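Colleague: I would like the atomic coordinates for the input below:
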Amino acid sequence: MKRQLVEELMMEGKPLKVALEAVGMAKSSYYYRSAGRRKPQALDEALIRAINEVRQGHAGVYGYRKVTMALRVAGWTVNAKKVLRHLRALGLTQPMAGLLHLWPFSFLVRPSACNMYWEADLTYVWTGSANAYLFVVIDACDRDIIGDVFSDRCRAREALEGAVLSHFGGRVPYNHELTLRVDRGTQFTVRDFREVARTLNVRLEYAGGTVSGR
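Modeller: The predicted model follows:
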């Protein structure tokens, strides 16, 4: 409506600026034109034939990335987006890969006393020339650091042994239950670490709820 009034004023000889101010319309609004819905691009018949040849010549799952690579090997100069657009139009796209298994959130632990529930983790520390490894064991009750090892090698085993040695004199007594919660990194899931935990009478709990008995 405002644009129509502006145009009528301009037909009467009013400058555009005056007409816009008279109806209270911004200059950018006057010049704006809706692009509307983009028309679908036509498909390349030669590319369709090449895509079909690629798919027929290769067994198994062949998504748009592999099709693009095969077309380039065959001499085509084509980008992946164009190949994907053609595959979608032809109904030849592959279903999206399912998400990796997500481990459930663990229950909230509130230990009533120290030396009942420990947690351990690894972090990398840049030393200026290479990465070093810092293993830390903490008590979930008071968040006190009870064991740590800083080394140029992965030493999760030594961190656990040192923590047990400093608090239990070498081994957790049979009548005392101690749980160590760790993530699923290879340093905590290897057989050597699990065997050490069993020897020290430490119950392992992995993120996601999996428990390794003594």
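Colleague: in stretch 178-192, what's buried?
Modeller: 178, 179, 180, 181, 182, 187, 188 (16 or more other CB atoms under 10 Å). (Each C-beta comes from the backbone N, C-alpha and C, glycine too.)
Colleague: sorry, slip of the keys, the one I care about is stretch 127-144.
Modeller: 133, 135, 136, 137, 138, 139, 140, 141.
Colleague: could you do stretch 76-90 as well?
Modeller: Quick answer for stretch 76-90 (16+ other CB under 10 Å): 76, 78, 82, 83, 84, 85, 86, 87.
Colleague: now those residues as CSV including distance to residue 9, pLDDT and secondary structure?
Modeller: Below are the buried residues of stretch 76-90 laid out as CSV (distance: CB to CB, whole Å; pLDDT from 0 to 100; DSSP: H, G, I helix; E, B strand; the rest coil):
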residue, distance to residue 9, pLDDT, secondary structure
76, 56, 90, coil
78, 52, 89, coil
82, 48, 91, helix
83, 52, 90, helix
84, 50, 89, helix
85, 46, 89, helix
86, 50, 90, helix
87, 53, 89, helix
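Colleague: report all helices and strands that the helix or strand containing residue 10 contacts.
Modeller: Secondary structure assignment for residue 10, by DSSP states H and E: helix 2-11. If you count contacts as 3 or more CB pairs under 8 Å, 6 or more residues apart in numbering; DSSP states H and E, helix 2-11 packs onto helix 16-23, helix 27-31.
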